[in-house]
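Engineer: could you work out the structure for the sequence below:
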Amino acid sequence: MTTSTCLFCDRNNATAHTQIAENELAYARWVKFPVSVRHAEVIPNRHVESLFEMTDEEESAVYKPARETKDIIVSKHPTSAFTICV
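Structural biologist: Numbering: from 1, shown residues only. Alright, predicted model coming up:
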C-alpha cells in the first residue's frame, strides 16, 4: 500500500474521518463502521505499514490522543474497560 491509496493518510478528508484528538505525530478518529459506539482508532501521521516501523517518538505520541479519546468515550458512554489493539 502506498500513501496515495491509504485511507489513513488522507486524514483531512472529513467524509472519511471524524477526528477526535490529534498532536503533531498522530491523530485519533471514530471508526466509520464501528463494532460499538466506543470504537476509535489512533493513527500515526506518517504512513507506516507496521507498528514496528514507527520511531520511538511516534510510538510515544500515539498515547496522548489515545488518552484524550478515552476521556471523551467515558464522558459519553461510561465504561470501565478498554481494549487497545496494535
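Engineer: just the CA trace of stretch 22-31, in PDB.
Structural biologist: Output of stretch 22-31 as PDB, limited to C-alpha atoms (Å, rounded to 0.1, in the frame of the first residue of the first chain):
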ATOM      1  CA  GLU A  22      -4.500  15.000  17.500                       C
ATOM      2  CA  ASN A  23      -0.900  16.100  18.000                       C
ATOM      3  CA  GLU A  24       2.000  16.700  15.700                       C
ATOM      4  CA  LEU A  25       2.700  13.000  15.100                       C
ATOM      5  CA  ALA A  26      -0.700  11.200  15.500                       C
ATOM      6  CA  TYR A  27      -4.400  11.500  15.400                       C
ATOM      7  CA  ALA A  28      -7.500   9.700  16.700                       C
ATOM      8  CA  ARG A  29     -10.700   9.200  14.800                       C
ATOM      9  CA  TRP A  30     -14.000   7.500  15.200                       C
ATOM     10  CA  VAL A  31     -14.200   4.200  13.200                       C
END
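Engineer: please identify the buried residues of that stretch?
Structural biologist: Residues of stretch 22-31 classed as buried by neighbour count (16 or more other C-beta atoms under 10 Å): 22, 25-30. Every C-beta, even on glycine, is put in place using the N, C-alpha and C of the backbone.
Engineer: out of the residues you listed, which two sit at the greatest distance?
Structural biologist: Leu25 and Trp30 (19.7 Å; C-beta to C-beta).
Engineer: from the chain's centre, how far out does the top helix by length along the chain sit?
Structural biologist: The longest helix of the chain (DSSP state H) is helix 63-76. When distances are taken as C-alpha atoms, centre = their mean, to the nearest Å, helix 63-76 is centred 11 Å away from the chain's centroid.
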